[in-house]
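Engineer: fold the following and give me the result.
(chains A and B)
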2 protein chains.
Amino acid sequence: MSFLILMHDPLAGTLLLLATLWLAAKVGGELALRLKLPAVTGELVAGLAFAVLHRAWTAFPDVAASPATELLGGLGVVVLMFAVGLESTVPQMLKVGVASLRVALIGVVLPMAAGLAGAWLLLPQGSPLVLDLFIGACLCATSIGISAQVLREKGASHSVAGRIIVGAAVVDDVLGLLVLVAVSGLVGAAGGAAGPSLAGTLALALGFLAVALTLGRLATPHLFSLASRFRGRQVLLPLGLGFAFLLAWLGNLAGLASIVGAYAAGLILEPAHIEDLERRERRTLEELVHPLVSVLSPLFFVLMGARIDPSAFFRPATLGFAAVLAVLGVAGKLLAGYGGGRGVRAAVVGWGMVPRGEVGLIFVATGAQLQLNGVPLLSADVQAGVIGALLLTTIAGPVGLGWVLRGRRQR
Amino acid sequence: MSFLILMHDPLAGTLLLLATLWLAAKVGGELALRLKLPAVTGELVAGLAFAVLHRAWTAFPDVAASPATELLGGLGVVVLMFAVGLESTVPQMLKVGVASLRVALIGVVLPMAAGLAGAWLLLPQGSPLVLDLFIGACLCATSIGISAQVLREKGASHSVAGRIIVGAAVVDDVLGLLVLVAVSGLVGAAGGAAGPSLAGTLALALGFLAVALTLGRLATPHLFSLASRFRGRQVLLPLGLGFAFLLAWLGNLAGLASIVGAYAAGLILEPAHIEDLERRERRTLEELVHPLVSVLSPLFFVLMGARIDPSAFFRPATLGFAAVLAVLGVAGKLLAGYGGGRGVRAAVVGWGMVPRGEVGLIFVATGAQLQLNGVPLLSADVQAGVIGALLLTTIAGPVGLGWVLRGRRQR
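Structural biologist: The predicted model follows:
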């Protein structure tokens, strides 16, 4: 008789897992706060603890392999970046545009050069130069989700430094895409294959941003004034979020990370466009999005922590390689902080650019698939070292940013 | 060169799907409102439209088969019932307990008897009596999600009639479980197999409710006063939701639907338990849960609509059988409304109990797996007829409830 199994809700296991993840994230965050660290550090470490427990005791659920966590965490960082975008407007971002561009350019060139030099020194003689170049490239992308959360925790997301960081991260995403195309193209050329053109990739990515921030901004008031004629209640949040997800999808089509499109959607949507709906629902869109962020983003950070392979930290040679790369990567980004210009705290901007996360991991995954003369470009050891370096910056970033932001509310 | 595919976010398709579903749900809801129907009717029909489009044009995405929609919609109805639970307290529910019990009992016995009689008259001579009994059983479970949403739309969820409906739905879930066990046991006995004992099933389900509503209610203030010592912000919603999901999981272990556990969690959590956290976060838990409901529950209703097999409506014999069963089922539930007692609008209570949804479908799925003397208990035709009847009540329920609630704000 199988009917009691049918009464069993297939969702039940997911419900228990989510309850556990929220509890772990909040307890981890609390412990981090007591240690004067940003709460997000504790959420990452809570995820790492899950990974350790799963490896020590396989009956323990594998959080990183749960499709539900993957979906909800993935939505979490998209919603987080939409919320960050809502806190600024296009004109405000244009004001810090040149500073962001400077920070992003220095923050790509320096870590890449440092990584290239480090790899050249540390790897065995005779390694191909494109390998060193690729390792440098892995160090140049910024994962903005973590810094965005720290900035929110410290009430600094709409400070000038906060805007420069997020703006630089958007530029970084475009630059990172170009570097990936260029370096992969070099590897391909060494092997005789042709990749997509650099100019085409750049045109597509910049084209999306330009169209979204100009035409999108002109069209949005009309779209939402249509929506404000709806008589239903609870219309603003589903439609606002739908708009963000639509732009995230379009941005991804153009080769950018989904979070860049969601952030652009947040920038475009200004209070004036949706004031009718906000008045009727007695809540601003920002207020409506915050509960979603508070529920979904911890799942993203726990998931990021759970994806860390703890065994990478137990091999001294790998750890040494990772540590050197991480120091070089952090130093490059800290120097990039000075690109923010006068009157902006370079340390805040620099530390904000430090975390590498899923973007760097995508680079590594790409490198693992590239072949040079029939041999994979990245060996397992090199992969472990680079991943270790990315993880170290992922933990060091929020710690450093929390430290330089400590104590004072930012302008 | 596969790296551009790697830059493609695997989540991107889901983002587009969700944006589309929200837009369709809100447009459908708006059209329904203009036709003086509850918005949820329009969301169900929007889902049905997706099902029709998918069948007409297979390139159109199959919403009902999307794991993301299934997860988010499933979470949606759990969160919805948690929100409904938050609007009432245990003492308030005990006050309507006897009325709810009466409504539920009549609402199980009458539709079951009517369904039994209808099936006996309509099905070919010589069909086994347990088949008629099983068809009757399929008509007795109430799917509360839809009525809960209509009550919320009309501001009637904390009216006396609203409480009686939700309370009766909880009792219904226990009774439905018992009927399923009993009828399946009869079929099993006819075939010589033994099912779980009726007494054990009842004890487990009632035991969960009793322990949750007594011990759970005593323990909650202590748990949340611990949580109120947390320094982090944005703690209340993840922990509150985690608590709801935990009880949903426990309730499911005891054989009840997950939504019953989530509803119990909402009942247990009273403002006094969490006032410290609510003061610090400047929002009540109810206010924080509402944006989640507004985003997730439309996905649940669209999904329910999308799961309808439109072709079931094109066979006259099936449609006739379905229509007779649906009329009998509706009539039984409307009479049950009189169990609400004096001073309570019987029509409101009755129509609130009309929708059958996923619970009835679980019954049918169970029946499809049961065998009597080597033949499946429910033939494909009978299945289509019963499913058609369930669907008719699912559309008729919110229409009827919206109609009897029209125009006036409820006490």
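Engineer: give me the residue from the stretch 251-400 of chain A nearest chain B.
Structural biologist: Using Cβ to the nearest Cβ, the single residue of the stretch 251-400 of chain A nearest to chain B is A:Ser294, 3.7 Å away. Using the backbone N, CA and C atoms, a C-beta is placed for each residue, glycine as well.
Engineer: wait, that residue touches B:Pro238, no?
Structural biologist: Yes: here A:Ser294 reaches B:Pro238: they are 6.2 Å apart, a contact under Cβ atoms under 8 Å.
Engineer: neighbour count: those two, which is higher?
Structural biologist: Higher neighbour count among A:Ser294 and B:Pro238: B:Pro238, with 27 against 23, using other Cβ atoms under 10 Å in any protein chain shown.
Engineer: tell me the secondary structure of the closest residue to that one other than its chain neighbours, please.
Structural biologist: Nearest residue to B:Pro238, sequence neighbours excluded (Cβ to Cβ, 6 or more residues apart in numbering or on different chains): A:Trp22, at 4.1 Å. On the three-state scheme (DSSP: H, G, I helix; E, B strand; the rest coil), A:Trp22 is labelled helix.
Engineer: same deal with the one 5 residues further on?
Structural biologist: Reducing the assignment at A:Val27 to three states with three-state DSSP gives helix.
Engineer: for A:Gln92, give me its contacts.
Structural biologist: By Cβ atoms under 8 Å, 6 or more residues apart in numbering or on different chains, A:Gln92 lies in contact with A:158, A:163.
Engineer: the residue of the stretch 251-400 of chain A closest to chain B: helix or strand, and which one exactly?
Structural biologist: Secondary structure from DSSP states H and E places A:Ser294 in helix A:285-306.
Engineer: just to revisit the earlier point, ok, the spatially closest residue to the residue of the stretch 251-400 of chain A closest to chain B that is not a sequence neighbour to A:Gln369 distance?
Structural biologist: Spatial nearest neighbour of A:Ser294, chain neighbours left out: B:Gln234 (3.7 Å); criterion: Cβ to Cβ, 6+ apart. From B:Gln234 across to A:Gln369, the span is 39 Å (Cβ to Cβ, to the nearest Å).
Engineer: quick check on these two: which one has the bigger neighbour count.
Structural biologist: B:Gln234 (22 against 16).
Engineer: mind pulling up the pLDDT for that one?
Structural biologist: Listed pLDDT for B:Gln234 reads 84.
Engineer: rewinding a little: am I right that the residue nearest to B:Pro238 is in contact with B:Leu236?
Structural biologist: No: A:Trp22 is beyond contact range of B:Leu236, at 11.2 Å (criterion: Cβ under 8 Å).
Engineer: wait, A:Ala119 touches A:Cys138, no?
Structural biologist: No: under the criterion of Cβ under 8 Å, A:Ala119 makes no contact with A:Cys138, lying 9.6 Å away.
Engineer: chain B contacts on the stretch 251-400 of chain A?
Structural biologist: Residues of the stretch 251-400 of chain A that fall close to chain B, judged by Cβ under 8 Å from any Cβ of the partner chain: A:252-253, A:255, A:257-258, A:283, A:288-295, A:298, A:362, A:365-366, A:369-370.
Engineer: related to what we said a few turns ago, list the contacts of the residue of the stretch 251-400 of chain A closest to chain B.
Structural biologist: Per Cβ under 8 Å, 6+ apart, neighbours of A:Ser294: B:234, B:237-238, B:288.
Engineer: any idea how many residues pack against A:Leu405?
Structural biologist: 25.
Engineer: how near is the closest residue to it other than its chain neighbours to chain B?
Structural biologist: Distances taken as Cβ to Cβ, 6+ apart place A:Lys154 nearest to A:Leu405, at 4.4 Å, with adjacent residues excluded. Per Cβ to the nearest Cβ, to the nearest Å, A:Lys154 is found 11 Å from chain B.
Engineer: what helices or strands is the helix or strand hosting A:Val260 leaning on?
Structural biologist: In this structure, A:Val260 sits in helix A:258-268 according to DSSP H and E. Judged by 3 or more Cβ pairs under 8 Å, 6 or more residues apart in numbering or on different chains; DSSP states H and E, the packing partners of helix A:258-268 are helix A:67-86, helix A:90-95, helix A:160-191, helix A:198-211, helix A:236-253.
Engineer: after that helix, which helix or strand is next?
Structural biologist: Using DSSP H and E, the helix or strand that directly follows helix A:258-268 along the chain is helix A:271-281.
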